[in-house]
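Undergrad: got a predicted model here, sequence first, then my questions.
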Amino acid sequence: MSIHHDRLAALRAHLATLDLDGFVVPLTDEHLSEYIGGYAQRLAWLTGFQGSAGSAVVLATRAAVFTDARYTLQVREQVSGDDYDYVGVPQESIGGWLAAHAPAGARIGYDPWLHTRAQVAEIGAALAAAGATLVPVETNPVDAVWTDRPAPSPAPMIVQENDVAGASSAAKRAQVGDWLTAQGADALVVTALDSIAWLLNVRGGDVDHTPVALSYAIVRADGETDLYVAPGKVTDAVRQHLGNAVRLQDRAAFAGALEGFAGQRVVADPGGAVAAIARGLEAGGATVVAVRDPVVLMKAIKNEAEVSGHRAASLRDGAALSRFLRWIEETAPAGGLTELSAAAKLQAFREATGVLRDLSFPAISATGAHGAIPHYHVTAESDAPIRPGELYLIDSSGQYADGTTDVTRVVPV
């Protein structure tokens, strides 16, 4: 039996001790991020699936893994069909599958820090129609059996300088404050890590290929803000940059702070804030205003400094890519290259700029048939030689302080 079969058995045994007949395991974190830190990779740990989107449902005698069409091949390579049904979405939903397979009277658990209210309502309604119940858990049962689960990243926050950002954090917070006043609301809970990075002009290193720091922010109508972040991540430079109008709080205190808004109207994005946040606000007597995070639109409108930075990053990255394309054109026909070695060479060209912070995502370096697989992810096991007569596809990116790139090229070898 495989290690993932043993992990599935361990989870089932633990669910039985909690009087649960099943559990939903999404691929996300408490910020509903697409890309997540190692500590939140519960789906990968449990099933072996390495894609960037998916979910699993575990019942006492049956389990399923849910993926979209991008991962039709990958999920079958990485997840055992002996342990899991392969379920395609959106053709079939988690709620629909549970309604068909969960026994009457079943109690199916979910982590309220990993689902939106709408997701909970949809799955709950499907289960109720089948005579079963969706039950929130206080602690995630996957974590209880994941004995060597890594801790969240301790990487420090760093300052995104105003000349690169194009506007100060104070100006951005004032903009959010004006928006709150126009909405007749008292506060905004900001949970999306990229929204917090933009709003406070900070960056981090807590998620691979994504320059964000694990944190929450609550902004008041006067622009004053509470930032909930692990104390060890805040350097003196960040503290000075944020100033007195941003109060620093321990990230562990965030859940309790939600109950401190009695009689107030608090905005929480229904698509970006987890169910536990709305539950905490309402438990403290607040009225939840379900409106999309206003920072999403604010940061989508680029100022002159951001536009200039993106152009500079694109020119810089384009030069590195051009050097790589010339190199592979000259080198590949002789043989000896592989998908991994080619991706490493492109990264080296980017690193030679002296200002590369990270890649924006793991390179999709694919030759031959691999090039036809959406979101192909090369590993040591799948690494293929780049042969003359084949097409080689490279979809890759660079992360710089002033901009992010994403380019795809196909090279005939």
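TA: Yep, that arrived.
Undergrad: could you use CA atoms for every contact and neighbour count after this?
TA: OK.
Undergrad: A strand includes Val267, no?
TA: Yes: according to DSSP: H, G, I helix; E, B strand; the rest coil, the state of Val267 is that of a strand.
Undergrad: how many residues are close by it?
TA: 27 (other C-alpha atoms under 10 Å).
Undergrad: and Ala213, by the same measure?
TA: Considering only other C-alpha under 10 Å, Ala213 is surrounded by 25 other residues.
Undergrad: check contacts around the nearest residue to it once chain neighbours are set aside.
TA: Once flanking residues are discounted, Ala213 sits nearest to Gly204: 4.3 Å by C-alpha to C-alpha, 6 or more residues apart in numbering. Counting by C-alpha atoms under 8 Å, 6 or more residues apart in numbering, Gly204 makes contact with 155-158, 211-213.
Undergrad: of those, which belong to strands?
TA: Among the contacts of Gly204, DSSP state E puts Ile158 in strands.
Undergrad: just the ones of the contacts of Gly204 in helices?
TA: The members of these all map outside helices under DSSP state H.
Undergrad: can you put the contacts of Gly204 in TSV and add distance to Ala332 and pLDDT?
TA: Below are these laid out as TSV (distance: C-alpha to C-alpha, whole Å; pLDDT from 0 to 100):
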residue	distance to Ala332	pLDDT
Ala155	38	96
Pro156	40	97
Met157	41	97
Ile158	40	97
Pro211	33	95
Val212	36	96
Ala213	39	97
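Undergrad: any idea which of the contacts of Gly204 is closest to Glu381?
TA: Among those, Pro211 lies closest to Glu381 (C-alpha to C-alpha), at 28.4 Å.
Undergrad: what sits against the closest one?
TA: Applying C-alpha under 8 Å, 6+ apart to Pro211 gives the contacts 203-205.
Undergrad: could you do Phe66 as well?
TA: Phe66 makes contacts with 54-56, 86-89, 94, as judged by C-alpha under 8 Å, 6+ apart.
Undergrad: got a pLDDT number for the residue nearest to Ala213?
TA: Note for Gly204: predicted pLDDT of 96.
Undergrad: over to Pro374?
TA: Pro374 is assigned 84 on the pLDDT scale.
Undergrad: repeat that for Ser169.
TA: Residue-level confidence at Ser169 comes out at 97, pLDDT.
Undergrad: try Thr287
TA: At Thr287, the pLDDT value in this model is 98.
Undergrad: the residue nearest to Ala213 and Gln160: what is the separation?
TA: Separation of Gly204 from Gln160 (C-alpha to C-alpha, to the nearest Å): 10 Å.
Undergrad: and for Thr47?
TA: Note on Thr47: its distance to Gln160, by C-alpha to C-alpha, is 38 Å.
Undergrad: now distance to Val189 and secondary structure too, for the contacts of Pro211, in CSV please.
TA: CSV is the format used below for the contacts of Pro211 (distance: C-alpha to C-alpha, whole Å; DSSP: H, G, I helix; E, B strand; the rest coil):
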residue, distance to Val189, secondary structure
Arg203, 19, strand
Gly204, 20, coil
Gly205, 22, coil
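Undergrad: buried residues of the strand or helix carrying Leu248, list them for me.
TA: Assigned by DSSP states H and E, Leu248 belongs to strand 246-249. The neighbour-count criterion (16 or more other C-alpha atoms under 10 Å) identifies 246, 248-249 as the buried residues of strand 246-249.
Undergrad: which single one of these is nearest to Val24?
TA: In terms of C-alpha to C-alpha, no member of these lies closer to Val24 than Gln249, at 31.1 Å.
Undergrad: what residues are bridge-paired with the closest one?
TA: Tyr228 (DSSP bridges).
Undergrad: for Arg12, which non-adjacent residue is spatially closest?
TA: Take Arg12 and drop its neighbours on the chain: the residue closest to it by C-alpha to C-alpha, 6+ apart is Ala60, 6.1 Å away.
Undergrad: next, count neighbours for that neighbour.
TA: Using other C-alpha under 10 Å, Ala60 has 18 neighbouring residues.
Undergrad: how about Gly354?
TA: Count around Gly354 with other C-alpha under 10 Å applied: 8.
Undergrad: and the next helix or strand past the helix or strand of the chain with the lowest mean pLDDT?
TA: One helix or strand of the chain scores below all others by mean pLDDT, DSSP states H and E: helix 72-78, with a mean of 91. Moving toward the C-terminus from helix 72-78, the next helix or strand (DSSP H and E) is strand 85-88.
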